[in-house]
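*Asks:* Quick one: sequence plus predicted model below, questions after.
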Amino acid sequence: MIPLRKSDDLASWVERSFGHVFRTPALCEAALTHRSAGAEHNERLEFLGDSILNCAVARLLFDAHPLADEGALSRLRASLVSGDTLAQIAGELGLGEHLRLGSGELKSGGFRRASILADALEAMLGAIFLDAGFDTAAAAVARIIGPKMSDLPAADALKDPKTRLQEVLQARGLALPTYTLTAVGGNPHAQSFTVTCEVPVFRVAAVGEGASRRRAEQLAAAKAIDLLPPELREHV
């Protein structure tokens with residue numbers, strides 16, 4: 001098991017990264033402890049931090065985009081709180097250097113694993129909330145998420161392929177695409193789904209394959225978009 005860094009070093013890192021000094025250091029230690037390292041791990045704090053993060057980011061976006069509708073705000077928030085974004089932020093903060101991992105996770109490079117980094121970042125926010133309340137946790141969210149907001153694409157660019165395909169057809173009064181599950185393969189714990197997306201008015205049919213039916217449908221829709229007439233595709 002990799003130990004936590006010295007308490008003084010850890011406290012300095014937390015203050016520098018999150019703008020917070022823990023009154024109850026045990027909360028910080030728990031937030032940085034992976035389940036592989038012992039019973040006092042960070043999963044409950046992660047659960048709490050996930051909610052804090054979503055609420056705080058929603059407020060940041062609400063204030064920053066006064067003309068955006070609910071759908072646009074939801075897509076922007078999903079981009080900011082995605083596992084990939086959180087793992088990137090955690091990496092930039094050097095969070096992996098402070099994780100407490102079991103020997104197996106340590107040997108397999110767990111301190112670099114995106115899911116572990118993202119979960120620990122959420123756990124830190126949960127710990128800050130318990131230590132000092134929502135306003136302090138929200139300030140920590142603004143500190144780590146705020147710089148990413150300027151890099152967000154336009155909300156429309158974050159729409160998934162199924163939504164984009166449906167909207168461009170609806171806007172022209174055309175029949176909506178149909179999705180047909182054509183195959184399911186693999187073992188029960190690792191299934192593969194094949195879906196065909198058809199747009200009859202343009203005689204378009206595209207096939208997508210993914211680990212879930214939803215993922216297969218999205219991939220099929222993306223391929224169908226590429227097969228639309230150029231004059232329609234430029235509006236998707």
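*Replies:* Arrived safely.
*Asks:* which residues of the protein score low on pLDDT?
*Replies:* 1-8, 153-158 (pLDDT under 70).
*Asks:* tell me, which helix in it spans the most residues?
*Replies:* If you go by DSSP state H, the chain has its longest helix at helix 43-64.
*Asks:* And for stretch 105-116, what's in contact with it?
*Replies:* Contact partners of stretch 105-116, identified using C-beta atoms under 8 Å, 6 or more residues apart in numbering, comprise 1-2, 34, 36-37, 83-84, 87, 91, 96-97, 99, 101, 117. Using the backbone N, CA and C atoms, a C-beta is placed for each residue, glycine as well.
*Asks:* Name the residues of the longest helix of the chain that come out as buried.
*Replies:* By neighbour count with 16 or more other C-beta atoms under 10 Å, helix 43-64 contains the buried residues 45-46, 48-50, 52-54, 56-58, 60-61.
*Asks:* Would you enumerate the residues in contact with the nearest residue to residue 141 once chain neighbours are set aside?
*Replies:* Nearest residue to residue 141 in three dimensions, chain neighbours excluded: residue 56, at 3.8 Å (C-beta to C-beta, 6 or more residues apart in numbering). Listed by C-beta under 8 Å, 6+ apart, the contact partners of residue 56 are 137-138, 141-142, 145.
*Asks:* how about those in CSV, adding secondary structure, neighbour count and distance to residue 214?
*Replies:* Below are the contacts of residue 56 laid out as CSV (DSSP: H, G, I helix; E, B strand; the rest coil; neighbours: other C-beta atoms under 10 Å; distance: C-beta to C-beta, whole Å):
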residue, secondary structure, neighbour count, distance to residue 214
137, helix, 26, 32
138, helix, 20, 32
141, helix, 25, 29
142, helix, 16, 32
145, helix, 19, 27
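*Asks:* What distance do you get for the residue nearest to the spatial centre of the chain to residue 62?
*Replies:* A centroid search over the chain (C-alpha atoms, centre = their mean) returns residue 82, at 1.1 Å, as the residue closest to the centre. Using C-beta to C-beta, to the nearest Å, residue 82 is found at 19 Å from residue 62.
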